[in-house]
Every structure is written in C-alpha cells, then in structure tokens.
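Undergrad: model this:
(one chain, ligands or ions: 1)
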Amino acid sequence: MQYQIPKGLFDILPISKEDWKTSDKWQYLESVIRDLCKNYNYEEIRTPIFEKTELFVRGVGSSSDIVSKELYTFLDKANRSMTLRPEGTASLMRTFIENNLSENRKTSKFYYMGPMFRYDRQQLGRYRQFHQFGIEVIGQKSYEIDAEIIDMLLELFKRLEIKNTKLVLNSIGDFESRENYKKALKDFIHPKFDSLSQDSKLRFEHNPLRILDSKEAIDQEIISEAPSILDFLTSDARNHFENLRNLLEKLNIKYEVNPRLVRGLDYYDDTVFEIISEKVGAQNSLGGGGRYNSLLKNLNGPDLPGVGFAIGMERVIQTMIAQQCYFPQKTGPFILIIPITQEAKNFSIVLTKELRNHKISAEIDLNSKKIQKSLQFANEINAQNALIIGDDELKMKKAQIKDLITREQKEINFDELKTFIKNKYYNLKNLKE
Ligand code: AMP
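TA: Down below sits the predicted model:
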C-alpha cells in the first residue's frame, strides 16, 4: 500500500510541479512579512497548534461556521476535548491573558504566522491545513490604529508586488448599534423567512447578521434590499467610522464601503474589512480583519479593545504566481567539490567542512564516478563553482576552480585554496567575514 496525504492537505517541497508549493517561495514570503513586522514594530508570538476546545467555542463563537462545522476536535488520552487551532486570534488572546502581557505597554502589537486547521470543503484556494499571517494590536481603541493596520496590510501587498487588490470596508457598530439593526433586519426578513436557505433559517434567531454573509443565491436576493447597518450606528460608532474613512482618504488609501460585509467570525465590532483580489479558484479573499472590543473581556481577561487582521498565505503565493510577481532566484551551493578517488575524498571532506564552518555553502559529491556526471550534478543543484580533485591534483598540490556561471577556470595552489574561495564568496556576497 502506498501512503497518501489526507485530503485537503499539501506538502511544501524543494521542487514541486505546482510552483506555489515550493519551499523557497514560502521562505521569501515569510521573510518579507518578518521585515514588515519589524518596520511596523510588531513582535512575534507563537502559540501551540492545539488548545482546549472551549477556547475556540468561546473565542471564535459557537454560531460561526468555523466552530459549528469546521473544527478538528479530538479527545486526548485523559478524555479532554482538544482542538487544532482554526485561526490565530483566540490563542493569542489566551496567552496574552495567561501571561499578563497587559502589564507591559511595550508589548501590545503582535504577529503570528503558521498553520491553521479547518474541515472546509476541499477546492482550489481552500485547504484543511492552511497558513495564516496575522497581527493583533491590544489596548488601543482609536480609529488611527485601525488605519495603521490597514496601511500595513496594503504595504505588504505592495512589497510583494500584488496588484489589483480592493479594500472593502464596513462598520458593524457597537453592541447597541447591532441590537437595533438586528431588530430591523429581522423585521425585514421575517415575511420572506420561508424562502431563506436552510443555514440562514438557523441563523435568523440567534445571529441574523450572518445572513448577510450567505453565499446562497436565494439569500443574496432577499438581502439585496435589506436595510443598511450604517443607518443604525450609534453616534460613537458613526464617529469612529467617519474618522477612519477621513484618515484613510488623507493617507491616500482607496476603499469601497460594503454595508453587507460582516465577516465570518462572531467577535467583531466597529471596523471590519476585507482585501479581495483576482480569483484563486472560486475564492477572492486574500485576508481580512476588524476590531474586537469585548473579546478579551469575554475570555475573562482585562477589558481591553483589540484590532487585527489575518491573511491566507496560500492564496497570497498563488496570486503572486498568477501575477508573475518577483520571487528571488533560487540559488544552489557556492561550490561543489568533486573528489575522484578515495584519497581525494578524504582531503575534500575536510576542505568542505572548513568552508562550511566559514559559513560558505559548500557541497561535496560523494558519489562521483565520472567528471562529466558530476558536472551535470553541479548544474542540477545550481552550484556556482566546481572544484575537481583527483590523484594528480593531490600530487601537484593544486587544482582547477571552474566558475560555472562565467565558465572561467583558474588554477590555484592548495595553500591558497581556502583563501581564494573565501575571498570569492565574500566579494560576491559583499559581506565581511
Ligand atoms: P478568516 O480567518 O476566515 O477571516 O480568513 C482569513 C483568510 O485566511 C482568508 O481571507 C483566506 O485567505 C484564508 N483562509 C481561510 N480559510 C482558508 C482555507 N480553508 N484554505 C486556505 N485559506 C484560507
């Protein structure tokens, strides 16, 4: 029997038929993200892959699709219910509370990156293990910080050269705004209740706002005429939204207001936003976020507001490939050492080790039989230089270094060999040893 990867999962490999699954592309995205976080003064938090189930039920919300349909939940050996994290925010809040991070004002801007798990229907752009990069800012209620994180997200896409993105913005107000709106929305939908999709019928009583989120054509038709939440904002919520819009305009950030944008998770209030792009399969959302003023308190933590976003890294890489965005050229080892005999091998192993100890990427062809085959191997691994060592070289104490890019050859005495290679490497890298 040949083992196969479970449905909805994928491997990230050094070489893959599907470009977005190659590890160098992921490393590039991760490095751009880490630089960006440094520029905006966000610090990394790494939480475990699984947590107690109740954290997500409470933190993400029991009426969300994620919790009601998509959790990977299991019992551990002591019969405790555990769940693979479906998103990053709940765990981040848990660790913030547990480690009393609110006591230290210096650490209130966090980022995370890593795999998330949802039992989603498998399709292009939707996986059961996927990766998110997300940020959270805790303790600041002002609209200015909402603008900062939106700017940060757009700056990320700019650095990645992703074009044609659209920022969609909405406010779902505070608790009072939503209570008033829910009532109006239910009054509006009530006469059409029987025509709603099955899922939306279930949402009607406890979470009617989620009906706005429905992808079902029949629901879409009903809600196309629904009242707008923006007409139900309290004056505080309206001010927050207007100030944010004014600031975005000042910052020259284009957006589109969509009063039906509510987002799938239960914990948002005030600002919500989404970044959409060209489609990956049936999906066009690269990421989104919003403000959550009561989440920490609901999780028995301090009464502090938060705001954040998360993006799907698969879709970002897929979009970059579709748009032919820049990725760095994959480089191989700086030098491949090719020993022809056993004695040459003994010499070469020591040389390779010394070069590696000097942080020079060096490879040795331990299986070399024919020079031609080894040079072909050098080509395949993208080595930049090759050094062939046989009995003659050992006797004469000198060898030829072949630059595989310029095709130049140079004969070097053994006592100058290390210095020559080191100089060439550091010159190329423009680095100091
Ligand atoms: P959410 O946490 O649901 O707001 O999702 C944020 C982003 O994560 C989405 O915009 C997607 O880019 C990505 N995402 C969510 N679910 C999946 C999934 N099953 N597969 C791949 N990406 C996903």
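
Undergrad: For the closest residue to the ligand within the chain, which residues are in contact?
TA: Sorted by distance to the ligand under CB to the nearest ligand atom, the residues of the chain start with residue 312, at 2.3 Å. Quick note: C-beta positions are derived from backbone N, CA and C, even for glycine. With CB atoms under 8 Å, 6 or more residues apart in numbering as the criterion, the residues that contact residue 312 are 125, 130, 131, 132, 285, 286, 287.

Undergrad: Same question for residue 172.
TA: Residues near residue 172 by CB under 8 Å, 6+ apart: 178, 209, 229, 262, 268, 269, 270, 272, 290.

Undergrad: Need the phi and psi values for it.
TA: With angles defined as degrees, to the nearest 10, residue 172 shows backbone torsions of phi -110, psi 20.

Undergrad: re the thing from before, tell me the one among the contacts of residue 312 nearest to residue 395.
TA: Of all the contacts of residue 312, residue 395 sits closest to residue 131, with 54.3 Å by CB to CB.

Undergrad: hang on, isn't the closest one packed against residue 114?
TA: Yes. Under the criterion of CB atoms under 8 Å, residue 131 makes contact with residue 114 at 6.4 Å.

Undergrad: Tell me, how many residues neighbour the closest residue to residue 297 other than its chain neighbours?
TA: The shortest distance from residue 297 to any residue that is not its chain neighbour, by CB to CB, 6 or more residues apart in numbering, is 4.7 Å, and that residue is residue 303. Around residue 303 sit 9 other residues, with neighbours defined as other CB atoms under 10 Å.

Undergrad: Let's verify residue 303: helix, strand, or coil?
TA: Secondary structure for residue 303, judged by DSSP: H, G, I helix; E, B strand; the rest coil, is coil.

Undergrad: need the contact list for it.
TA: Counting by CB under 8 Å, 6+ apart, residue 303 makes contact with 294, 296, 297.

Undergrad: now residue 394
TA: 343, 344, 347.

Undergrad: repeat that with 6 Å
TA: By CB atoms under 6 Å, 6 or more residues apart in numbering, residue 394 lies in contact with residue 344.

Undergrad: I believe it is in a strand; please confirm or correct that.
TA: No. When classified by three-state DSSP, residue 394 is found to be helix rather than part of a strand.

Undergrad: Let me see the ranges of the helices in the stretch 51-200 of the chain.
TA: Remark: helices of the stretch 51-200 of the chain, listed N- to C-terminal, are 53-60, 65-69, 89-98, 143-159, 175-189, 198-206; assignment by DSSP state H, counting those that start in this stretch.

Undergrad: what packs against the shortest one?
TA: The one in question is helix 65-69. Packing contacts for helix 65-69, counted by 3 or more CB pairs under 6 Å, 6 or more residues apart in numbering; DSSP states H and E, involve helix 53-60.

Undergrad: Other residues contacting the helix it packs on?
TA: Contacts with helix 53-60, where a contact means CB under 6 Å, 6+ apart, come from 66, 67, 73, 81, 83, 90, 94, 265, 299.

Undergrad: Give me the nearest residue to the fourth one, chain neighbours excluded.
TA: Meaning residue 81. residue 53 (4.1 Å).

Undergrad: Could you count how many residues lie near the one you found?
TA: Around residue 53 there are 17 residues (other CB under 10 Å).

Undergrad: now do residue 57
TA: Using other CB under 10 Å as the criterion, residue 57 is surrounded by 18 other residues.

Undergrad: Likewise for residue 129?
TA: Burial of residue 129 is recorded as 17 neighbouring residues (other CB under 10 Å).

Undergrad: Could you measure from it over to residue 276?
TA: In this structure, residue 129 and residue 276 are separated by 23 Å, where distance is defined by CB to CB, to the nearest Å.

Undergrad: do the same with residue 382
TA: 37 Å.

Undergrad: With neighbour numbers in mind, choose between these two.
TA: Between residue 382 and residue 276, residue 276 has the larger neighbour count (other CB under 10 Å), namely 18 against 14.

Undergrad: any idea how far the more buried one lies from residue 288?
TA: Residue 276 sits 9 Å away from residue 288, going by CB to CB.

Undergrad: Please apply the same query to residue 14.
TA: Separation of residue 14 from residue 288 (CB to CB): 32 Å.

Undergrad: quick revisit: so for the residue nearest to residue 81, what pLDDT did the model give?
TA: For residue 53, the model assigns a pLDDT of 97.

Undergrad: Can you report phi and psi for residue 124?
TA: Geometry field for residue 124 lists phi and psi as phi -60, psi 130, criterion degrees, to the nearest 10.

Undergrad: tell me the SS of residue 309?
TA: When classified by three-state DSSP, residue 309 comes out as strand.

Undergrad: Is the nearest residue in space to it that is not next to it in sequence part of a helix or strand, or is it coil?
TA: Spatial nearest neighbour of residue 309, chain neighbours left out: residue 289 (2.7 Å); criterion: CB to CB, 6+ apart. When classified by three-state DSSP, residue 289 comes out as strand.

Undergrad: what residues does the chain put near the ligand?
TA: In this structure, the chain approaches the ligand at residues 87, 118, 120, 126-127, 130, 132, 264, 285-288, 310-312, 314-315, judged by CB under 6 Å from any ligand atom.

Undergrad: Buried subset of those, written for ChimeraX?
TA: Under the burial definition 16 or more other CB atoms under 10 Å, those of these that qualify are selected in ChimeraX by:
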select :87,118,120,126,127,130,132,285,286,287,288,310,311,312,314,315
